[in-house]
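[1] based on what follows, work out the 3D shape:
(one chain, ligands or ions: 2)
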Amino acid sequence: MSDALESAREALRRVFGFEAFRGRQANVVARVLAGQSTLAIMPTGAGKSLTYQLPATLLEGTCVVISPLIALMHDQLRSARANGIRAATLTSVDEDWRETQDAFRAGELDLLYVAPERASQPHFRELLSQGRIALFAVDEAHCVSEWGHDFRPDYRMLAPLMDAFADVPRLALTATADEHTRKDILHQLGIPEEGMVVAGFDRPNIRYAIRHRQGLQGQLERLLEEHPGPGIIYAPTRRKVEELAEKLAAATGRTVLPYHAGLPPERRAGNQSAFVASEDMVVVATIAFGMGIDKPDVRFVAHAGIPKSIEAYYQETGRAGRDGDPAQAVMFWSAGDFAQARQRLGEVEEARQQGERARLDALAGLVETSTCRRAVLLRHFGEDPPETCGNCDNCLDPPQVVEATELARKLLSAVYRTGQTYGFGHVQKVLTGASDERVEQRGHDRLSVFGIVEGEEARLLQPLARALQARGALVQTEHGGLALGGDARDILKGEAEVTITRPPERQQRRGGRKGR
Ligand code: ADP
Ligand code: ZN
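    Numbers count the residues shown, from 1 in each chain. Ligands and ions are numbered 1, 2, ... in the order given. Got it, this is the predicted structure:
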């Protein structure tokens, strides 16, 4: 072990009171102490702050930390000071600017937290030139990339600022980075490729399951029966939150409380602290819930609709089982979720569309896969996991995979031939030769695709349409009809393949009863 790492371990015990580094903290700290620029990618809660706070106590000069949220900065300030680290913030709400600046110039600060908008201020650059900087730490570094989910133009001013202090090493930190975003961060912040350190994202005690949504209320009731412990259910809208909380409480007799940004602050705070203290409560919430709550024994996290991205899914499901005991993450999705999300893509600014689309495609890949969910997740975060984990729905109960390229061509042709304006029901009738008034009126019973699907194949049409919608080959029009999109043309030309997972028997029968 190098001398530097030796003194780092000593400081870890002395300053922070920790016995050992966690995950890849030691790698990051060693690089920083050696003056090497680094991009640290670690999940939330992995302990990113320590990787600059600790070097800040050992290196000559001040570590300048760029952090986007003032509230988080002040949390960090408190905890750093509690450990005896000399820290300060320069934000619009601080009143001790003069003292802070003097302390910086005098070399009496280990940590100086600033918001990214400072970076473009000449005054700030001048201040920095009057003291000694040990390290630039860029928190939430994905904000520098338009590929990231949270682009902030101010972050673009960081590189020119840091370039003015070219010999100061840089440490970029983020929990959320797909491959594009990562490369972009390295590029934008001038960090060499070998400077990327990716920490373990695996949460082995979480069992992942992703199911098609079908009678959501009943599905959630069964989940609550299986899990008497505390749980979180994420729902897409405030209304859905209220409705589910009420119905689930009535149906199960358990305490089920709502949480969303529209509730009065007292009620929100009350529900949150009741949940944290409880051993059996369920919270139905919008994604506003969970940030910064510390409850290690959450036994399940359910999604009543698709999350925004794999990153969001990972973060939200990551609130389950922090104590290391078995926990479950279940997502209930529908093709309509993807259709809506793809429709909303049109409203996103041009520059971000490509990134948003890639994120949605990646999520569809996770939802649609017949292989190990954990492996898909971990590969997304740049890891090289085993092919199977033994603790996800697909590993525990491998789904039957069906080759459906030919059937997909039939379905896509029928959508095309009928003019890309009809919903699934109509297209299905045409394909299966179930003529009705509308089919006849439009002359669709005379199309070459009329009645070309029968028997077993007919039962696969619905799951196939779902899968095609998830991957974007079928998109929903404004009026709820289906149209070709994504790689539909490649599928039609025989240049892309389609496989789907056969739905379990029970679900098939249900679908049938509804007369779909
Ligand atoms: P992140 O910024 O990656 O989300 P934090 O820096 O907030 O994570 O750290 C999460 C928690 O882990 C904090 O309570 C921190 O004190 C704790 N922690 C960090 N490193 C260690 C360690 N080596 N040993 C024990 N606890 C640690
Ligand atoms: Zn698995």
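[2] which SS state does the residue in the chain that ligand 1 sits nearest to fall under?
    For the chain, the residue positioned closest to ligand 1 under C-beta to the nearest ligand atom is Gly47, at a distance of 2.8 Å. Glycine gets a C-beta too; all of them are placed from N, C-alpha and C. At Gly47 the chain is in coil, as set by DSSP: H, G, I helix; E, B strand; the rest coil.
[3] give me the element Thr181 is part of.
    helix 179-189 (DSSP states H and E).
[4] next one: that helix to chain centre, how far?
    Distance, stretch centre to chain centre, for helix 179-189: 18 Å (C-alpha atoms, centre = their mean, to the nearest Å).
[5] what sits up against it?
    Helix 179-189 has contacts (C-beta atoms under 8 Å, 6 or more residues apart in numbering) with 37, 39, 41, 138, 141-142, 144-148, 155-156, 158-159, 162, 170, 172, 174, 177, 191-193, 195-196, 355, 358, 382.
[6] now do the contacts for Trp147.
    Counting by C-beta under 8 Å, 6+ apart, Trp147 has contacts Asp178, His180, Thr181, Asp184, Gln354, Gly355, Ala358.
[7] just the residues you listed now: which is nearest Leu69?
    For the contacts of Trp147, the residue nearest Leu69 by C-beta to C-beta is Thr181; the value is 19.0 Å.
[8] can you count the residues close to Gly270?
    Neighbourhood size, Gly270 [other C-beta atoms under 10 Å]: 13.
[9] dihedrals phi and psi, Leu173?
    The phi and psi values for Leu173, taken as degrees, to the nearest 10, are phi -130, psi 140.
[10] do I have it right that it meets Cys143?
    No. Checked against C-beta atoms under 8 Å, the pair Leu173 and Cys143 is beyond contact range at 11.0 Å.
[11] wait, a strand at Leu39?
    Yes. Leu39: assigned to a strand according to three-state DSSP.
[12] quick one: it and Ala199 touch, right?
    No. The criterion here is C-beta under 8 Å, and Leu39 misses it with Ala199 at 11.4 Å.
[13] mind checking which of the two has more residues around it?
    Leu39 (25 against 21).
[14] in the sheet, who's paired with that one?
    Counting by DSSP bridges, Leu39 forms beta bridges with Ala172, Met196.
[15] so which bits of this structure are right by ligand 1?
    Residues of the chain lying close to ligand 1 by C-beta under 6 Å from any ligand atom are Phe18, Phe21, Arg22, Gln25, Met42, Thr44, Gly45, Ala46, Gly47, Lys48, Ser49, Leu50.
[16] just the buried ones among the residues you listed, please.
    Neighbour-count burial (16 or more other C-beta atoms under 10 Å) is assigned, among those, to Phe21, Gln25, Met42, Ala46, Gly47, Lys48, Ser49, Leu50.
[17] what about Asp490, how many neighbours?
    12.
[18] err, Ala115, not the other one
    Other residues close to Ala115 by other C-beta under 10 Å number 17.
[19] could you measure from the closest residue to it other than its chain neighbours over to Ala106?
    Leaving aside its chain neighbours, Ala115 sits nearest to Thr91 (5.6 Å; criterion: C-beta to C-beta, 6 or more residues apart in numbering). Going from Thr91 to Ala106 by C-beta to C-beta, to the nearest Å gives 21 Å.
[20] more neighbours: these two, which one.
    Set Thr91 next to Ala106 and count neighbours by other C-beta under 10 Å: Thr91 wins out with 17 against 10.
[21] check contacts around that one.
    Ile70, Met73, Tyr113, Val114, Ala115.
[22] which of those residues fall in helices?
    Ile70, Met73 (DSSP state H).
[23] from the contacts of Thr91, pick the one nearest ligand 2.
    Met73 (38.6 Å; C-beta to the ion).
[24] go through stretch 436-448 and flag the buried ones.
    Val439, Arg442, His444, Asp445, Leu447.
[25] mind giving me JSON lines with the residues of the chain next to ligand 1 and columns for pLDDT?
    Below are the residues of the chain next to ligand 1 laid out as JSON lines (pLDDT from 0 to 100):
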{"residue": "Phe18", "pLDDT": "91"}
{"residue": "Phe21", "pLDDT": "90"}
{"residue": "Arg22", "pLDDT": "85"}
{"residue": "Gln25", "pLDDT": "93"}
{"residue": "Met42", "pLDDT": "91"}
{"residue": "Thr44", "pLDDT": "79"}
{"residue": "Gly45", "pLDDT": "77"}
{"residue": "Ala46", "pLDDT": "83"}
{"residue": "Gly47", "pLDDT": "89"}
{"residue": "Lys48", "pLDDT": "93"}
{"residue": "Ser49", "pLDDT": "94"}
{"residue": "Leu50", "pLDDT": "96"}
